[in-house]
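In: need a structure here:
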Amino acid sequence: MLIEEARKRTGMTAGVVHQNRFNLNMYPIKKAVDEGRLGKLVLGTFAVKWYREQSYYDRGGWRGTWEMDGGGSLMNQAVHTVDLMTWLMGDVESVYSTSGIYNHKIDTEDLTASIVKFKSGATATFVSTTCAYPGISTEIMLYGTGGSIEADSDMIKTWKMKEPLDDMDEDDEEQMMLDRYSKGNREAAKFEPDALYGHRHVVEDMICAVRDGRQPEVSPQSAANAVRFVNAVYESAKTGKPVIFD
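Out: Just a heads-up that it's a prediction; the model follows:
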């Protein structure tokens, strides 16, 4: 990985813009996963169901090309959701995928669908498309033996925990989470007025990393997991065979 090698060789600071990790709803979601509140994580559902007109690809001449875009609906539109999947669900064991061009005159794909197995034993589906008129949702859904969470981009839609927080029952905790996080970052920020989110958090983190002599929160090595997954999807779709990770 050239960026990571350069960082180690030069001692310079290097970070990656995976801004969706810093949507305000991601903090409680990640915390719940890390604390084991979902029990045994068994299933994930991730889907980027967006829409792009042909004119979107025609502008600039680089979109939808392998040489300059590096991929289509998966690499361009869905790579940040890939990052969330690997960040939340852990190391990938294998991926089996299909892809195609369904509604655009482009070189790269406008739809992928994958079945993902993780080293933890969990399974997920991952879908990316720019054909879902008029642009529907970005699904980030986690299901376990002790709880389930469903989110659409920066909005929590479902929060069910078998063992709720102290002094709360299951419905009360869900209502608290929906009150805070069901309407996106701007509304959630009213409960945390000092919180930075999205790209603003990434920029602030990089400034602080340089000033304080530390590495940013999203390292090149961490971010490489998403690129590795994307490349595996393309390989599987091309060969018709699953790709097994080391």
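
In: I figured residue 111 was touching residue 73, is that so?
Out: Yes: here residue 111 reaches residue 73: they are 6.1 Å apart, a contact under Cβ atoms under 8 Å. From N, CA and C alone the C-beta is placed, and that goes for glycine too.

In: List the contacts of residue 189.
Out: Shown in contact with residue 189 (Cβ atoms under 8 Å, 6 or more residues apart in numbering): 24, 195, 197.

In: gap between the residue sitting nearest the centre point of the chain and residue 139?
Out: In the chain, the residue lying closest to the centroid (Cα atoms, centre = their mean) is residue 81, at 2.2 Å. Distance of residue 81 to residue 139, computed by Cβ to Cβ, to the nearest Å: 8 Å.

In: what does residue 209 give?
Out: 31 Å.

In: about what we covered before: helix or strand for the residue nearest to the centre of the chain, which one?
Out: Element membership of residue 81 [criterion: DSSP states H and E] is helix 79-89.

In: so how far is that helix off the chain centroid?
Out: 3 Å (Cα atoms, centre = their mean, to the nearest Å).

In: helices or strands up against it?
Out: helix 26-34, strand 41-49, strand 123-129, strand 137-144, helix 220-239 (3 or more Cβ pairs under 8 Å, 6 or more residues apart in numbering; DSSP states H and E).

In: Now do that helix, average pLDDT.
Out: Here helix 79-89 scores 98 as its mean pLDDT.

In: hang on, the earlier thing: residue 111 and residue 73 - which one has more neighbours?
Out: Set side by side, residue 111 and residue 73 show more neighbours around residue 73, with 29 against 21, by other Cβ atoms under 10 Å.

In: which one is that one nearest to, not counting chain neighbours?
Out: Using Cβ to Cβ, 6 or more residues apart in numbering and skipping residues adjacent in sequence, the residue nearest residue 73 is residue 128, 4.2 Å away.

In: so what's the one you found up against?
Out: 47-48, 73-74, 77-78, 81, 111-112.

In: Out of those, flag the one nearest to residue 151.
Out: Distance to residue 151, by Cβ to Cβ, is smallest for residue 81 among the contacts of residue 128, at 10.7 Å.

In: any idea how far the closest one is from residue 51?
Out: Taken as Cβ to Cβ, the span from residue 81 to residue 51 is 16 Å.

In: again with residue 132
Out: Distance from residue 132 to residue 51, by Cβ to Cβ: 6 Å.

In: Any stretches of this protein with poor pLDDT?
Out: 1 (pLDDT under 70).

In: Tell me if I am right that residue 205 is in a helix.
Out: Yes: assessed with DSSP: H, G, I helix; E, B strand; the rest coil, residue 205 lies in a helix.

In: Give me the three-state assignment for the residue of the chain positioned farthest from its centre.
Out: No residue in the chain sits farther from the centre than residue 167, which is 32.4 Å out by Cα atoms, centre = their mean. Look at residue 167: counting by three-state DSSP, its state is coil.

In: hang on, the earlier thing: mutual contacts of residue 81 and residue 139, please.
Out: 46, 48.

In: Beyond the helix holding residue 81, next helix or strand please.
Out: strand 92-100.

In: which residues touch that next one?
Out: Counting by Cβ under 8 Å, 6+ apart, 74, 86, 109-119, 225, 228-229, 232-234, 236-237, 241-245 sit against strand 92-100.

In: Compare residue 209 and residue 139 and say which is more crowded by neighbours.
Out: Just comparing residue 209 and residue 139: by other Cβ under 10 Å the higher neighbour count belongs to residue 139, 20 against 16.
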